[in-house]
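Enquirer: Here is a sequence together with a model predicted from it:
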Amino acid sequence: MNRRLNSRRLEGRVLLWLLGGLAFAVVAAALTLATSEEARKVATTGLVDSMADAAEGFMTQATPVDAHALAPNIYQARGVSNTHLIDTGDSVVIFDTGLSIQATRQKRALEELVGEKPVSHVILSHSHQDHVGGTQFWAEAETRIIAHREFTEEQRYLKDLEPYLYQRNRRLFPWMPEEPITRGPLSFGHVVPTQTIRNGEPYKFSQGGFRFEVLPTPGAEGLDNLSLWLPDQRILFVGDTLGPIFPQFPNIFTMRGEKMRKPMEYIESLNRLIDLNAEMLVPGHLAPTRGAQEIREGLTRIRDAVQYVHDETVKGMNAGKTVWQLMEEIQLPPELALSQVHGRVSWGVRSLWEYYATWFHYDSTTELYPVPVRAVYAELGELAGVEALSRQARAALAAGEPVKALHFCEIALATDPGASAALEAQRDALQVLLNRARMGFETSYEIIWLEGELEMTEAALTGPSPASG
């Protein structure tokens, strides 16, 4: 079963790598032949459709595209990320534009419901590619592209760090292409807002009988989050301001790697959203939540949970406790229980600690110098002996301490990467942690990471196949 699964993943990765590698060449050729901006858009759309056809068979986390009405003249196109359309009569307003390889399908699905109309505004909830990837297909010469004032800076640093962050993301989203598309219209980092919104200064406009309020709500997915409030319909579009699941404990800092999210600024955003008393909450992923009471209770619980974890972390720091103690000790009380599928309380504790106190924990002088503890693993392994370390790992496992077991395995494997006893102990420790993750908070990032580590450990135990040898 695992080998078949690994084979399908590898097949998907190879195919997507080919698509990613060919994408720029195909687009460049099409654009060379195109004689107008419209022809260029048609050529790009054709490529995107071809990529989507190939990719969706392998993207195990992908959501098929469809479109439906949320309320009169308000529509949602579902996909990996949602795109929303408000039909104001002579034109439309778009909130988020989806993942690039699904954007053209989402656009067609929405236009089948409302027809093709001029796009007056494209409002972007934040700079992540799965929310801005289709902007080029919606924006026209007269379209206003509205984003947070921090959007351009967030997009800049994500683009500058793309080679580094992309490979981190691939560990957690294994259906991604082997390499990012770094040039051409399908690459990330080319969205230029025509209007930006500052914190504390909502942007309001009216069109076709709708009143629109674009709200700066920095929070769970970055400093550049915007939400869209329709006060007459009492509908709130939040993008990823609350993360992909409602209600959930947020990713104050994500393990895939990004800038720290400011906790108190996020609490202020939640207070503003609670005060709206929305009757429908529409996220950037998954389905809306309906009912003012359920929405208010969910938002209030998120706010109070973040405040609780923040305050307990600060209290523990002032009491002289280590970050490791607080990661283990701080748990949400029953009345504040939230899903931790996307964000974890213990990770939030560490993020808060380092947000306030930075990287130097005062634990060891060695923290000040560019010599990590791993630099002495091989020597430690030689001194202790690989077999002794493997036995110690087994003893830790038997005592119900799989993380300690991993520490022993890592030292042993630094000395002898092929040591079967250490690899077997590592495999079993990872399996214990994976079982706990699946039976516990079911945190998706943790589970995907452990599955990947387990696969690599099993591959190391099996050794190279005869074909590859």
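Expert: Ah, there it is. Residues are numbered from 1 along each chain as shown.
Enquirer: how about the helices in the stretch 251-400 of the chain?
Expert: Under the criterion DSSP state H, counting those that start in this stretch, the stretch 251-400 of the chain contains helices at 263-276, 292-318, 323-329, 345-357, 377-384, 386-398.
Enquirer: In the shortest one, which residues are buried?
Expert: The one in question is helix 323-329. Across helix 323-329, burial judged by 16 or more other CB atoms under 10 Å covers Val323, Leu326, Met327. All C-beta spots, glycine's among them, are computed from the backbone N, C-alpha and C.
Enquirer: Please confirm that Tyr75 is located within a helix.
Expert: No: going by DSSP: H, G, I helix; E, B strand; the rest coil, the assignment for Tyr75 is strand, not a helix.
Enquirer: Chain neighbours aside, what residue packs nearest to it?
Expert: Excluding its sequence neighbours, the residue lying closest to Tyr75 (CB to CB, 6 or more residues apart in numbering) is Leu85, at 4.6 Å.
Enquirer: I'd like the average pLDDT over the host helix or strand of the one you found.
Expert: For Leu85, the host element (DSSP states H and E) is strand 83-87. Mean per-residue pLDDT for strand 83-87: 98.
Enquirer: With Ser187 as the reference, measure out to Thr358.
Expert: For Thr358, the distance to Ser187 equals 33 Å [CB to CB, to the nearest Å].
Enquirer: Kindly report the same for Tyr203.
Expert: 28 Å.
Enquirer: what do you get for Ser346?
Expert: 36 Å.
Enquirer: And for Glu279?
Expert: Using CB to CB, we find Glu279 at a distance of 39 Å from Ser187.
Enquirer: same thing with Asp428?
Expert: Distance from Asp428 to Ser187, by CB to CB: 42 Å.
Enquirer: Also Gln293?
Expert: For Gln293, the distance to Ser187 - CB to CB - is 44 Å.
Enquirer: out of these two, which sits in the busier spot?
Expert: Per other CB atoms under 10 Å, whichever of Gln293 and Ser187 has more neighbours is Ser187, with 18 against 9.
Enquirer: okay, now the nearest residue to the more buried one once chain neighbours are set aside: neighbour count?
Expert: Spatial nearest neighbour of Ser187, excluding adjacent residues (CB to CB, 6+ apart): Ile181 at 4.9 Å. Neighbour count of Ile181, defined by other CB under 10 Å: 19.
Enquirer: cool, Ser420 as well?
Expert: Neighbour count of Ser420, defined by other CB under 10 Å: 13.
Enquirer: Under a three-state scheme, what state does the closest residue to it other than its chain neighbours occupy?
Expert: Excluding its sequence neighbours, the residue lying closest to Ser420 (CB to CB, 6+ apart) is Leu461, at 6.5 Å. Here Leu461 is helix, with the state taken from three-state DSSP.
Enquirer: contacting residues around Leu461?
Expert: By CB atoms under 8 Å, 6 or more residues apart in numbering, Leu461 lies in contact with Ser420, Leu423, Glu424, Arg427.
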